[in-house]
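Student: give the three-dimensional model of this entry:
(2 chains)
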Amino acid sequence: DAGVTQSPTHLIKTRGQHVTLRCSPISGHKSVSWYQQVLGQGPQFIFQYYEKEERGRGNFPDRFSARQFPNYSSELNVNALLLGDSALYLCASSIDRDTNYGYTFGSGTRLTVV
Amino acid sequence: EDQVTQSPEALRLQEGESSSLNCSYTVSGLRGLFWYRQDPGKGPEFLFTLYSAGEEKEKERLKATLTKKESFLHITAPKPEDSATYLCAVRNFNKFYFGSGTKLNVKP
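Tutor: Residues are numbered from 1 along each chain as shown, chains lettered A, B, ... in the order given. Here you go, the predicted structure:
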């Protein structure tokens, strides 16, 4: 059974550009969350989507947006990239909205902004 | 302000030397405390969820406990394969907060 898959695995972008990151949750998982992890720090919560609706949002600027599709896959979009957006972006899925059974994380997308 | 603080930042143990990792939190409306393990270059791996003070959970050499203000992850007789960064997170309604983690290195 496939785990949480994220694409691409690595990405290099220039300041000011736009980026789209993709995530496919574990089959049967209806909740997808996005996290940003800067080197040496814990993941920071960006969004949670459940049943295609936004259920939670962290303290990130409006340049960050996301959506969830009918098949429960998700995209994270970041506009007007800044150098400080360089990080590992993690997608996590769970079977329920309240993550009572914990998240399953993907291996992440490493974004470098130059 | 909701926050999670983990200590120590790094811990070196000899194989078989038991120890504990600490996770202190301040959050309004705790809806679960989570422990994860993260290996370099990988996403965090779920270990435990705790919901109420006094609750304990065990998995192999790991045991997690919870009080009203903090959680401990006890590691009994660790092995080199237990080396990883251990992350603590709390859920407050629909937001999640992670600590910066404790990097554990177990020497043979």
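Student: all strands of chain A, in order?
Tutor: A:5-7, A:10-13, A:19-24, A:31-37, A:44-50, A:53-57, A:64-68, A:74-78, A:87-94, A:104-105, A:109-113 (DSSP state E).
Student: show me what from chain B comes close to chain A.
Tutor: Chain B comes close to chain A at residues B:4, B:6, B:31-32, B:34, B:36, B:41-46, B:48-49, B:87, B:89, B:91, B:93-101, as judged by CB under 8 Å from any CB of the partner chain. Yep, even glycine has a C-beta here, placed from its N, CA and C like the rest.
Student: which of these are buried?
Tutor: Buried residues within those, defined by neighbour count using 16 or more other CB atoms under 10 Å in any protein chain shown: B:4, B:6, B:31-32, B:34, B:36, B:43-46, B:48-49, B:87, B:89, B:91, B:95-101.
Student: on that earlier part again, let me have the strands of chain A in a markdown table, extended by distance to chain B and mean pLDDT.
Tutor: Shown next, in a markdown table, are the strands of chain A (distance: least, CB to the nearest CB, whole Å; pLDDT from 0 to 100):
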| stretch | distance to chain B | mean pLDDT |
| --- | --- | --- |
| strand A:5-7 | 8 | 97 |
| strand A:10-13 | 11 | 97 |
| strand A:19-24 | 11 | 98 |
| strand A:31-37 | 7 | 95 |
| strand A:44-50 | 5 | 93 |
| strand A:53-57 | 3 | 91 |
| strand A:64-68 | 14 | 97 |
| strand A:74-78 | 14 | 98 |
| strand A:87-94 | 5 | 95 |
| strand A:104-105 | 3 | 92 |
| strand A:109-113 | 9 | 97 |
